[in-house]
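Student: just need the structure, nothing else, for what follows:
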Amino acid sequence: MEAALLGLCNWSTLGVCAALKLPQISAVLAARSARGLSLPSLLLELAGFLVFLRYQCYYGYPPLTYLEFPILIAQDVILLLCIFHFNGNVKQATPYIAVLVSSWFVLALQKWIVDLAMNLCTFISAASKFAQLQCLWKTRDSGTVSALTWSLSSYTCAILLRFVIMLALNIWVTVTVLRYRKPAIKAE
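Tutor: Residues are numbered from 1 along each chain as shown. Sure, this is the predicted structure:
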């Protein structure tokens, strides 16, 4: 039963990821503006997705474990181009795209590079969210930021909540075991 539920969650996550950025792209195109979107947030998110995808490919994981990442990267690149287009100069996206493409190759130069990058992925993703929040707090204007896109993104993370809860409970049990451990009595 749990395996079937996990499989359903995996496929639903893949489905959500396939359409995750479409509401955001649609909102930007409809408004003909990228007002409210944080470029640093998008670039950090792209970096995180790229690192995760490269790590999965580097270590030969089955494609179903990372299939959503090429889709998310493609959607983010489209969104990046939209931001630059509506900010007046799509050519300014070229260096960013060049860095992302070259990063794909640099990450695989040495095992320690891809491993280190993967270990930093959670921080990169968190920084992306904080960059978007900072933009919203600074401007006090959500502009064309899609609440639906962020809600869908929340759904994909909610599935991992189970593992976070289990982690916290396992740590709690470990700490409790250590707390109530009786000292060993020395034999005389």
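
Student: which helix runs longest in this structure?
Tutor: Across the chain, the helix with the greatest residue count (assigned by DSSP state H) is helix 147-179.

Student: check which residues of that helix are buried.
Tutor: Within helix 147-179, the residues that qualify as buried are 149, 152-153, 156, counting by 16 or more other CB atoms under 10 Å. In this view, the C-beta of every residue, glycine as well, is placed from N, C-alpha and C.

Student: helix or strand right after the helix or strand of the chain with the lowest mean pLDDT?
Tutor: Least confident helix or strand of the chain, by mean pLDDT, DSSP states H and E, is helix 2-19 with a mean of 69. For helix 2-19, the succeeding helix or strand toward the C-terminus, using DSSP states H and E, is helix 22-31.

Student: which SSE is immediately downstream of that next one?
Tutor: Taking DSSP H and E, what comes next after helix 22-31 is helix 39-58.

Student: in this protein, which residue is most central in space?
Tutor: Residue closest to the mean C-alpha point of the chain, counted by CA atoms, centre = their mean, is residue 125 at 5.1 Å.

Student: model confidence for it, exactly?
Tutor: pLDDT recorded at residue 125 is 91.

Student: in what helix or strand does it lie?
Tutor: helix 121-139.

Student: other residues contacting that helix?
Tutor: Helix 121-139 is touched from outside by 36-38, 40-42, 44-45, 47-48, 51-52, 55, 142, 145, with contacts defined as CB atoms under 8 Å, 6 or more residues apart in numbering.

Student: find the nearest non-adjacent residue to residue 21, please.
Tutor: Excluding its sequence neighbours, the residue lying closest to residue 21 (CB to CB, 6 or more residues apart in numbering) is residue 75, at 3.5 Å.

Student: report how many residues lie close to the one you found.
Tutor: 20 (other CB atoms under 10 Å).

Student: pretty sure it contacts residue 16?
Tutor: No - in this structure, residue 75 is not within contact of residue 16 by CB atoms under 8 Å, at 11.9 Å.

Student: residue 38: what's it in contact with?
Tutor: 131-132, 134-136.

Student: just the buried residues from those, in PyMOL please.
Tutor: Selecting just the buried residues from the contacts of residue 38 in PyMOL takes one command, with 16+ other CB under 10 Å as the test:
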select buried, resi 131+132+135+136
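
Student: could you dump the contacts of residue 38 into JSON lines with distance to residue 114 and pLDDT added?
Tutor: Shown next, in JSON lines, are the contacts of residue 38 (distance: CB to CB, whole Å; pLDDT from 0 to 100):
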{"residue": "131", "distance to residue 114": "24", "pLDDT": "94"}
{"residue": "132", "distance to residue 114": "26", "pLDDT": "93"}
{"residue": "134", "distance to residue 114": "29", "pLDDT": "93"}
{"residue": "135", "distance to residue 114": "30", "pLDDT": "91"}
{"residue": "136", "distance to residue 114": "33", "pLDDT": "90"}
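
Student: about what we covered before: from the contacts of helix 121-139, which is closest to residue 71?
Tutor: Residue 71 has its nearest neighbour among those in residue 52, at 12.7 Å by CB to CB.
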